[in-house]
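In: prediction below, plus the sequence it came from.
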Amino acid sequence: MSWSNRYLPYVTRIAGDPSDASVLYLGTAYSGLFKSSDAGAHWVDITHGISNPYIDGIAVDPDYPSVLTVVSGGGVFRSVNGGTSWIDLGSRLPKTAIVEAFARSPLDPQRFYAATIGTGGGHALRVVLPQGDANGDTKVDVLDVFDLINALFAGGAAPIGPADVNGDGRVDVADVFYLITYLFASGPPPITAS
Ligand SMILES: [Ca+2]
Ligand SMILES: [Ca+2]
């Protein structure tokens with residue numbers, strides 16, 4: 001959707017991609033979430049998959065800018081592909097909380113802080129990714145094998161999620177084999193390094 005010469009929805013949040021100044025995200029009250037890839041000249045509705053169009057908070061991951069975590073009236077949602085698709089992480093905040101600010105911890109990629117009114121004070125949320133979830137979409141499946149191979153051998157970005165599936169402290173080709181064996185040959189499940 002382009003809204004030039006149209007009614008501008010009530011904007012609740014705006015966020016930018018720290019690695020690309022032309023990429024912007026805009027949250028609105030009741031009209032959903034929009035993305036611009038040309039510094040605001042055009043906007044695309046990327047709400048599909050977010051169950052409530054009232055956008056309370058947007059956190060663009062400072063280390064992985066294609067990872068978005070969004071709070072809407074329907075709960076917390078995560079995208080690992082810049083808003084193309086969304087994973088419902090469930091409602092992790094008190095129902096009465098109204099989020100005023102939402103950000104990822106600078107130290108822990110899986111921890112988020114929400115400042116709220118309505119229940120007072122702030123809340124910490126933790127998005128726990130299972131071991132082996134290399135692409136950070138909260139599931140362990142063949143997409144993680146592709147993500148790992150891409151990162152290790154095809155110049156792709158480092159895995160978003162915990163990719164040391166054999167628990168030896170390194171992410172390398174042994175993890176690819178371990179994950180394939182687990183997924184397709186009844187091998188042992190990913191090991192969480194202690
Ligand atoms: Ca995954
Ligand atoms: Ca390993």
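Out: Nice, thanks for sending it over. Residues are numbered from 1 along each chain as shown. Ligands and ions are numbered 1, 2, ... in the order given.
In: from now on I want contacts and neighbour counts done on CA atoms only, so please keep to that.
Out: Fine.
In: domains in the chain, by residue range?
Out: What automatic domain parsing lists as the domains of the chain is 3-126, 129-194.
In: hmm, who's touching the helix or strand bottoming out on mean pLDDT in the chain?
Out: Lowest on mean pLDDT, DSSP states H and E among the helices and strands of the chain sits strand 122-126, with a mean of 82. For strand 122-126, contacts defined as C-alpha atoms under 8 Å, 6 or more residues apart in numbering pick out 92-93, 110-116.
In: list the buried ones in that strand?
Out: Residues 122-123, 125 are the ones in strand 122-126 that count as buried (16 or more other C-alpha atoms under 10 Å).
In: would you format these as JSON lines with distance to ligand 1 included?
Out: Listed next are the buried residues of strand 122-126 as JSON lines, based on distance: C-alpha to the ion, whole Å:
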{"residue": "Gly122", "distance to ligand 1": "29"}
{"residue": "His123", "distance to ligand 1": "26"}
{"residue": "Leu125", "distance to ligand 1": "20"}
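In: what does this protein put close to ligand 1?
Out: Listed as neighbours of ligand 1 in the chain under the rule C-alpha under 5 Å from the ion: 133, 135, 137, 139-140, 144.
In: from those, which is closest to Arg13?
Out: Closest approach between those and Arg13, by C-alpha to C-alpha: Asp137, at 23.7 Å.
In: gap between stretch 147-154 and the chain center?
Out: With C-alpha atoms, centre = their mean, to the nearest Å as the basis, stretch 147-154 stands 20 Å off its chain's centre.
In: which bits of the protein sit near ligand 2?
Out: 164, 166, 168, 170-171, 175.
In: just the buried ones from the contacts of strand 122-126?
Out: Buried among those by 16+ other C-alpha under 10 Å: 93, 110, 112-116.
In: so of the residues you listed, which ones are in strands?
Out: 112-116 (DSSP state E).
In: pretty sure Asp137 sits against Ile87.
Out: Yes - using C-alpha atoms under 8 Å, Asp137 is in contact with Ile87, at 7.0 Å.
In: what about the two, which has more around it?
Out: Neighbour totals were compared for Asp137 and Ile87, and Asp137 leads with 23 against 16 (other C-alpha atoms under 10 Å).
In: among the domains of the chain, which gets the worst mean confidence?
Out: Of all the domains of the chain, mean pLDDT reaches its minimum on domain 3-126 (a mean of 88).
In: export the least confident helix or strand of the chain as PDB, just CAs?
Out: Extracted in PDB, the C-alpha atoms of strand 122-126 (Å, rounded to 0.1, in the frame of the first residue of the first chain):
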ATOM      1  CA  GLY A 122       8.900  -2.700  33.100                       C
ATOM      2  CA  HIS A 123       8.900  -6.300  32.000                       C
ATOM      3  CA  ALA A 124      11.700  -8.500  30.700                       C
ATOM      4  CA  LEU A 125      10.900 -11.100  28.100                       C
ATOM      5  CA  ARG A 126      13.100 -13.800  26.900                       C
END
